[in-house]
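Participant: Could you look at this predicted model? Sequence included:
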Amino acid sequence: MPRIKRATPSDTQQEAAEKVSDSVSTVDLGNGSDVVYMPGFLSADDSWKYLDYLDQHIPWIRPTIRVFGRSCLQPRDTCYVADAGLQELVYSGYRPRAYSWDDYPPLKEILEAVHKALPGSKFNSLLLNRYKGGDDYVGWHADDEKLYGSAPTIASVSFGGEREFLLKRRPAKTSKEKRPEDEPASKRAKATSPGDRQSFLLKHGSLLVMRGHTQRDWLHSVPKRAKLDGVRINLTFRLVI
Ligand SMILES: O=C(O)CCC(=O)C(=O)O
Ligand SMILES: [Fe+2]
């Protein structure tokens, strides 16, 4: 009796599956901004190894930051790695110590892979975030610190639990001259439209890139997620100019 052959996907099915996981999508945000998403940037195996390594070896801290004039514990762990001699990063009144790439060789490997995926890019600093569970988050913000220049490209690599990454358009600067009281209600009602929000489910091993004027015109966040989905580590590569 012939042995029953286990069903395996045909070559074309296999190729199609690979194409889906390797697919690159670009979302045009308008006014010279876009977001590129590559779900299959790193293999799942490599990504689990990186997650383990980073979880154990990075000197994570949960700093006290200032938000709207009040001190609070940052709702996630963090660490900062940068080339020597760069202008120091300060955000929310917090000045992270800059660690050296040389102390974390896997970070150099990931940086190299990012540079390869984004020809012409040259990042020199990295902000790391660790979300221990669904209660950890990052609120609405833009990475618009002066040291990144006026139109920074920011490359974000994610490991572990999938989390929603949201973008919303910054409200247009309103002034009496720009938006007079007698403006028709039909026009005012257009303040938010479906194109004013975008969301991405950031997968294990994915790369998301914000380009153009995304930091000037949009805010982004990773909200809390009720169902606990384990640790997530995110790396955002930046160029200090
Ligand atoms: O965790 C993320 O995906 C985003 C992190 C972020 O926005 C940041 O570090 O500025
Ligand atoms: Fe950010």
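Facilitator: Great, that's in hand. Numbering: from 1, shown residues only. Ligands and ions are numbered 1, 2, ... in the order given.

Participant: ok and the residue in the protein nearest ligand 1?
Facilitator: Across the chain, the shortest distance to ligand 1 (Cβ to the nearest ligand atom) belongs to Asn234, at 3.4 Å. The way it works is simple: take the backbone N, C-alpha and C, and place the C-beta from them, glycine included.

Participant: Beta-bridge partners for that residue, please?
Facilitator: For Asn234, the beta-bridge partners are Asn129, Ser158 (DSSP bridges).

Participant: Touching, it and Ser158? I think so.
Facilitator: Yes. With contacts counted by Cβ atoms under 8 Å, Asn234 reaches Ser158, the gap being 5.1 Å.

Participant: Which of the two has more residues huddled nearby?
Facilitator: The residue with more neighbours, out of Asn234 and Ser158, is Ser158; 30 against 23, by other Cβ atoms under 10 Å.

Participant: ok, that one - contacts?
Facilitator: Going by Cβ atoms under 8 Å, 6 or more residues apart in numbering, Ser158 touches Leu202, Lys203, His204, Gly205, Ser206, Leu208, Arg232, Ile233, Asn234, Leu235.

Participant: cool, and Gly160?
Facilitator: Leu51, His204, Gly230, Val231, Arg232, Ile233.

Participant: what does Cys79 give?
Facilitator: Contacts of Cys79 by Cβ under 8 Å, 6+ apart are Ile58, Pro59, Trp60, Ile61, Pro96, Tyr99, Leu127, Leu128.

Participant: 10 Å instead?
Facilitator: 54, 58-61, 96-99, 104, 107, 126-130, 233, 235 (Cβ atoms under 10 Å, 6 or more residues apart in numbering).

Participant: where's the nearest residue to Ala113 once chain neighbours are set aside relative to Gly149, distance?
Facilitator: For Ala113, ignoring the flanking residues on the chain, the nearest one in space by Cβ to Cβ, 6 or more residues apart in numbering is Leu42 at 6.7 Å. To Gly149, Leu42 is 27 Å away according to Cβ to Cβ, to the nearest Å.

Participant: Same drill for these two, tell me which one is more crowded.
Facilitator: Ranked by neighbour count (other Cβ under 10 Å), Leu42 and Gly149 place Leu42 first, with 23 against 13.

Participant: hang on, that one in a helix?
Facilitator: No. Read with DSSP: H, G, I helix; E, B strand; the rest coil, Leu42 is coil and lies in no helix.

Participant: Now for Ile154, how many residues are close by?
Facilitator: 21.

Participant: show me what contacts the nearest residue to it once chain neighbours are set aside?
Facilitator: Spatial nearest neighbour of Ile154, excluding adjacent residues (Cβ to Cβ, 6+ apart): Met210 at 4.8 Å. Neighbouring residues of Met210 by Cβ under 10 Å, 6+ apart: 29, 33-36, 142-143, 152-156, 165, 167, 218, 220, 236.

Participant: related to what we said a few turns ago, can you pull the residues that touch both of Asn234 and Ser158?
Facilitator: Common neighbours of Asn234 and Ser158 (Cβ under 10 Å, 6+ apart) are Asn129, Tyr131, Phe165, Leu202, Ser206, Leu208, Val222.

Participant: Please flag which of these sit within strands.
Facilitator: Asn129, Tyr131, Phe165, Leu202, Ser206, Leu208, Val222 (DSSP state E).

Participant: show me which of those residues neighbour ligand 1.
Facilitator: Asn129, Phe165, Leu202, Val222 (Cβ under 6 Å from any ligand atom).

Participant: in the chain, which spans are helices?
Facilitator: 11-22, 44-57, 105-117, 185-188, 214-217 (DSSP state H).

Participant: Return the member of these having the minimum mean pLDDT.
Facilitator: Per-stretch mean pLDDT for the helices of the chain is lowest at helix 185-188 (a mean of 46).
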